[in-house]
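Quick one, structure for this:
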Amino acid sequence: MGALGGLLFGFDTAVIAGTTQQLQEVFHLTPWTLGLTISIGLVGTVIGAMGSGVLGQKIGGREALRIMAILYLISAVGCALAWNWDVLMVARFIGGLGIGGSSVLGPVYIAELAPAKWRGRMVGMFQINIVIGILLAYLSNYVITTLNLGVLQWRWEFGVAIVPSMLFLVMLYGIPRSSRWLVTTNQTDEAREVLELMGSPNSEAELQEIIDSIHVERDSKQEPLFNGKYNKPIFLAITVGLFNQLSGINAILYYSNYIFASAGFSSNSAALQTVGIGLMNLLATALGMSLIDKLGRKTLLMIGAVGTTIALAGVAAVFYTHSHQSLLVWLLVMFIVFFAISQGAVIWVYISEVFPSRVRSKGQSLGSSSHWIMNAIIAGVFPYVAARSQAAPFVFFAAMMALQFVVVAAFYPETKGSTLEAIQSSFGIH
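Have a look, this model is predicted:
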């Protein structure tokens, strides 16, 4: 149930794609202020990601996720009813806080509950829900486009998010608290019950393992993340977060209608092409989830880096030569497939795995923050650069994916099938 935060995460991320053209007309936005309208939500996301780790440690992941659900709801209502650009900006910022918080709290909550052999798939359910949310946003945008609602269209596209926001809030009242968090608050009986509920083969042994790791955590409760000991997991978390966005994934998701319009597609056709991309994103992410605990995290990242480099270079060539526009949708589908089976499937799993318990929430916040800061920069700059050269952003994204292949091959360890404690030990952290 905690992974359902991913659905709202995805929906709020992608729903803006259908509104960009109308928002430009209604609020007289330039390419620069359009970028600001997109990126203000991401500024909130960065702040939410940075602050939610501490909040989760203090009140527990479940309670913190409830706060994120309320923020989603406020944002959906505010965007739908916005009477001027300032109100829209504030509402998008509040929604960003919810997305950022969910991106940290959801995977950590799931990783702490899941048995080691299923952890990749269970944390991966967060990513599955993200892409379901993206697909639902694109579908609802397309359906609303066909209703010919005129100047009210963008309000309806934002307002649809009210329904999943309320559903998420209600469902969060049916999930248990994290066993690891319960141990930190000396509620060991309830922690044992949760482990049994999650199907632990030996709840007593697992409980003792958690208690032992928590004792280490208490001995160094105020231990800073940046003390030299955690350099390896810090490097892994930051780079996997940065490369995720340097692929251009969210620029493509936010501006998909804009990209297709630039290639000569009509607004209805652009909305429909976007639905196709959302559907392929879902199918490929499901494939990635089935492979993550078999092929492993590192292998998937390297396969994805090769595929996304080729696809992005192709998109750049279409825009540079102004020919073969019919290939654009296929190249973007190819990009989405390779992204989804690799980075899309791996990022939240990997960040949630590489830090020891005593700094896991801080580490998750750091990795998520690097992801969202780069997201905000790219989303803000993309329309400005694309207005001058449609090919240039995709040349840059392709180069970054080629660089990622080299970095992953040289520095990334494989974590599949290892307990969180074993991963910690392999880094020489005790």
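
The residue nearest to residue 291 when sequence neighbours are not counted - how many residues pack around it?
Using CB to CB, 6 or more residues apart in numbering and skipping the chain neighbours, the partner closest in space to residue 291 is residue 300 (6.3 Å). The way it works is simple: take the backbone N, C-alpha and C, and place the C-beta from them, glycine included. Residue 300 has 23 neighbouring residues, counting by other CB atoms under 10 Å.

got the contact list for residue 37?
Counting by CB atoms under 8 Å, 6 or more residues apart in numbering, residue 37 touches 16, 23, 27, 29, 85, 88-89, 92.

Sorry, slip of the keys, the one I care about is residue 386.
Contacts were defined as CB under 8 Å, 6+ apart; by that measure residue 386 touches 31, 255, 258, 262, 392-393.

Tell me which entries of those residues lie within helices.
31, 258, 262, 392-393 (DSSP state H).

residue ranges for the helices of the stretch 51-200 of the chain, please.
Secondary structure of the stretch 51-200 of the chain, counting by DSSP state H, counting those that start in this stretch: helices at 61-81, 85-113, 119-146, 153-159, 162-171, 179-184, 188-197.

how about the CA coordinates for the last one, as CSV?
In CSV, the C-alpha atoms belonging to helix 188-197 read as follows (Å, rounded to 0.1, in the frame of the first residue of the first chain):
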residue,chain,number,x,y,z
THR,A,188,9.4,-4.8,19.8
ASP,A,189,6.1,-6.8,20.3
GLU,A,190,4.4,-4.9,17.5
ALA,A,191,7.6,-5.2,15.4
ARG,A,192,7.5,-9.0,15.7
GLU,A,193,3.8,-9.0,14.7
VAL,A,194,4.7,-7.0,11.6
LEU,A,195,7.5,-9.3,10.6
GLU,A,196,5.1,-12.3,10.9
LEU,A,197,2.5,-10.4,8.9
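
For that helix, buried residues please.
Across helix 188-197, burial judged by 16 or more other CB atoms under 10 Å covers 188, 191-192, 194-195.

Equivalent analysis for the shortest one, please.
Under the neighbour-count criterion of 16+ other CB under 10 Å, helix 179-184 has 179-184 buried.

what sits up against that helix?
Residues from elsewhere that reach helix 179-184 (CB under 8 Å, 6+ apart): 56-57, 60-61, 112-113, 188, 190-192, 194-195, 198, 207, 210-211, 214, 217, 357.

Going by distance to residue 71, which of the buried residues of helix 188-197 wins?
The shortest approach to residue 71 among these belongs to residue 194, at 26.0 Å (CB to CB).

Greatest separation within the ones in helices among the contacts of residue 386: which pair is it?
Comparing every pair within the ones in helices among the contacts of residue 386 by CB to CB identifies 258 and 392 as the most remote, at 15.1 Å.

ok, those two, which is more surrounded?
residue 258 (20 against 14).

can you give me phi and psi for the closest residue to that one other than its chain neighbours?
Nearest residue to residue 258, sequence neighbours excluded (CB to CB, 6+ apart): residue 20, at 5.6 Å. Per-residue torsions, residue 20: phi -60, psi -40 (degrees, to the nearest 10).

ok so, going back, pretty sure the residue nearest to residue 291 sits against residue 290.
No. Contact criterion CB atoms under 8 Å: residue 300 and residue 290 do not qualify, at 11.0 Å.

what about stretch 374-386, average pLDDT?
Mean per-residue pLDDT for stretch 374-386: 86.

check contacts around the residue nearest the centre of the chain.
In the chain, the residue lying closest to the centroid (CA atoms, centre = their mean) is residue 103, at 5.9 Å. By CB under 8 Å, 6+ apart, residue 103 lies in contact with 9, 45, 48-49, 348, 368, 371-372.

Of those, which is the nearest to residue 279?
Lowest distance from residue 279 to these (CB to CB) belongs to residue 9, with 18.3 Å.

Now the strand or helix carrying that closest one: average pLDDT?
Under the criterion of DSSP states H and E, residue 9 resides in helix 5-14. Helix 5-14 shows a mean pLDDT of 80.

Now it: buried residues?
Under 16+ other CB under 10 Å, the buried positions of helix 5-14 are 5-14.

of those, closest to residue 174?
Closest to residue 174, out of all of the buried residues of helix 5-14 and judged by CB to CB, is residue 5, at 13.9 Å.

I'd guessed that closest one sits against residue 167; true?
No. With contact defined as CB under 8 Å, residue 5 does not count as touching residue 167 (11.5 Å).

Could you list the low-confidence segments of this protein?
1-4, 114-124, 186, 196-206, 208-209, 212-222, 266-267, 417-418, 421, 428-430 (pLDDT under 70).

Contacts for stretch 331-342 next, please.
131, 247, 249, 252, 256, 259, 276-277, 280-281, 284-285, 287-288, 291, 300-308, 310-312, 314-315, 318.

Stretch 76-84 too?
With CB under 8 Å, 6+ apart as the test, stretch 76-84 has contacts from 12, 27, 87-88, 90-92, 94-95, 155-156, 158-159, 161-162, 165.
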